[in-house]
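Asker: Predicted model and sequence below, questions to follow.
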Amino acid sequence: MKQLLFCAFLIVCSAKSVLSQHSIPTDSLLNGTLLVQELDSLKQTILETHVSPFTYCSEEEFQSAFESAEEEVGKGMRYYDYLALVGRTLQVLRDSHTSLYYPALAQVHKENGGLFVNMQVFSVDEGKSVHVKEDRFGLLPQGVQLLSINGVRIDSLYEENADFSLYEGDSDNSFYAFNDALFPPMLGVWTELKRENTIEYALPRSSDTMSVSYPGKTYKEWREFNKKRKVKSDPYSLDLRENGKTAVMHISTFSHPKSKKYYRFLRKSFKEIRKSEIEHLVLDLRGNTGGKSNRMETLLRYLSEDSLRIPNNIIAKSSTVAQQMHSKTFKGMHKFFLTHFNKKNEEVQNWLKIVTLENGKVDTVFYRDYGPEIKKPYQGKCSLLIDGQSASATVNFAAGFRFLNRGVIYGSPCLGPYTGTWGNPAPYQLPNTKIKLSISTIRFNTTSTFDFERNNLVPDVLLKPNPSAWFEGVDNVLEMVVKQ
């Protein structure tokens, strides 16, 4: 299953060019008639492509959302207002894989010389206050509450940015977590950033306010700045704690980089865990937005001797958009190899059934082969740490972790229910404005019941970031789990 199309600042702004420079005049009024036609085309494409559009919304709600959007654009609309409208309209599906294509969100802003900030944030109490998680420029302490920028209230800008965020069923908590990640790279869309910006902030547990002059830079300038500071985080790490009995394994993605690095990391890590006789393994999957299901499944096999197949089944739908997506990879030697070899490989055979479906057809493929066993899986105490940005394949991993009764889950609700998520988002580009988005083409089910639970998976123990702890340089959530 492809990764949920979401990343933080550097990935959002490093996408390949979607539009030639100045091809969309962001400050000019777009033709209302063309926008209405485009929205109607989008509605029809979703109905033709999405495997089950009315799982989390009714047909009436879906039609009403598009009717309201078409009425709103009737007299014309500026580019970013329209972009937000499209994002808001797609939210009616409550499907995290049918959304705006995030790596391209800030592309027009970038190409027109727009300025950015270089920080990460987290919100508290459903977006009521926004706090600094990390300021790569080093001017804003961790944990402080952002109040305003150039006199404009942060909470109002944060609320505007919510049009770009995501739901998966009734995952309201995760909705704010994803808005946290999208807010910094999109800040320049909602308010004019300058070369020098005045940011007002408050220290934790204090009514006093402070201000700092914060630079606004182009994407290229920030990229060079981060390169000089060697700002680069490894997606995989194993931290053996000083007590010698606890280890923290952090995996930030089940997608990039290449598979060889991921599987080598698992082999080396679990070898080290056995050698060090680790008694408590903490799996930190916070911020892991998903990726390839086989990577997620392999990690599960390292934790238990019990057999569990996730997915149990996949419901797939073929359409023009889906076939266009498959045609980019299912060709040439790759196609020849898959169709002539691996005839006993269940995963390959099921994938072939999906990519060769006739246009408009829906089929369900089942998984029964548990794959290669892991020698000497870890048998010690295990804890799982998730948050609102844990999505897609990570949601399915959390479900498997719970099914296996492998340990306690800590953190905050993730983006999706234990019964499964949508997946394989096919790219689609709006014909007039060239806005890129994705539409789900499969349903990934963790059980054989075909019950689509609405509520997102909730940890056994709820833990939230504490701004005061972050101000002291302490990841309070992780440290509380390590002490268990």
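Answerer: Done, it's in. What you are looking at is a predicted structure, and each value in this text was computed from that prediction instead of being measured.

Asker: R223: which element?
Answerer: helix 219-228 (DSSP states H and E).

Asker: what is the rounded mean pLDDT of stretch 277-285?
Answerer: This predicted structure assigns stretch 277-285 an average pLDDT of 97.

Asker: Show me what the helix holding R223 is packed against.
Answerer: Using 3 or more CB pairs under 8 Å, 6 or more residues apart in numbering; DSSP states H and E as the contact test, the elements touching helix 219-228 are helix 9-12. In short, each C-beta sits where N, CA and C put it, glycine included.

Asker: Now do the strands in the stretch 301-450 of the chain.
Answerer: Per DSSP state E, counting those that start in this stretch, the stretch 301-450 of the chain has strands spanning 313-317, 362-366, 381-386, 408-411, 420-423, 426-429, 436-439, 442-445. These are given in chain order.

Asker: residues in contact with the fifth one?
Answerer: The list of residues contacting strand 420-423 from outside it, by CB atoms under 8 Å, 6 or more residues apart in numbering, reads 1-2, 51, 95-98, 168, 290, 311, 314, 391-392, 395-396, 399, 440-447, 452.

Asker: what separates it from the chain centre, distance-wise?
Answerer: The gap between where strand 420-423 is centred and where its chain is centred comes out at 12 Å by CA atoms, centre = their mean, to the nearest Å.

Asker: Tabulate the CA atom coordinates of it in CSV.
Answerer: Listed next in CSV are the C-alpha coordinates belonging to strand 420-423 (Å, rounded to 0.1, in the frame of the first residue of the first chain):
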residue,chain,number,x,y,z
GLY,A,420,-8.3,-0.9,8.0
THR,A,421,-7.6,2.1,5.8
TRP,A,422,-7.9,3.2,2.3
GLY,A,423,-4.8,2.9,0.0
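
Asker: Listing partners with orientation, what would you give for it?
Answerer: Pairing partners of strand 420-423, with direction, according to DSSP bridges: strand 442-445 (antiparallel).

Asker: The first one now?
Answerer: Strand 313-317 pairs in its sheet with strand 362-366 (antiparallel), strand 442-445 (antiparallel), by DSSP bridges.

Asker: and these, which is most packed in?
Answerer: Each of the strands paired with strand 313-317 was assessed for mean neighbour count using mean count of other CB atoms under 10 Å. The highest is strand 442-445, with a mean of 25.

Asker: thinking again about what came up before, of all the strands paired with strand 313-317, which one comes closest to E279?
Answerer: strand 442-445 (33.6 Å; CB to CB).

Asker: And the helix or strand just after the closest one, what does it pack against?
Answerer: The C-terminal neighbour of strand 442-445 among helices and strands, as given by DSSP H and E, is strand 461-462. Contact analysis of strand 461-462 by 3+ CB pairs under 8 Å, 6+ apart lists strand 408-411 as its packing neighbours.

Asker: ok, and what's touching the strand it packs on?
Answerer: Around strand 408-411, the neighbours that count as contacts under CB under 8 Å, 6+ apart are 286, 383-387, 390, 398, 401-402, 457, 459-463, 477, 480-481, 484.

Asker: Could you rerun that using 6 Å?
Answerer: The list of residues contacting strand 408-411 from outside it, by CB atoms under 6 Å, 6 or more residues apart in numbering, reads 383-387, 459-461, 463, 481.

Asker: Equivalent analysis for stretch 165-179, please.
Answerer: Counting contacts by CB under 6 Å, 6+ apart, the residues touching stretch 165-179 from outside are 56, 91, 94, 96, 99, 123, 126-127, 161-162, 388-389, 413, 415-417, 454-456.

Asker: which residue sits closest to T55, ignoring its sequence neighbours?
Answerer: On the basis of CB to CB, 6 or more residues apart in numbering, the spatially nearest residue to T55 that is not a chain neighbour turns out to be F452, at 5.2 Å.

Asker: Please apply the same query to V86.
Answerer: Take V86 and drop its neighbours on the chain: the residue closest to it by CB to CB, 6+ apart is I435, 6.2 Å away.

Asker: just for the stretch 151-300 of the chain, where's the confidence low?
Answerer: Judged by pLDDT under 70, the stretch 151-300 of the chain has its weakly predicted residues at 231-232.
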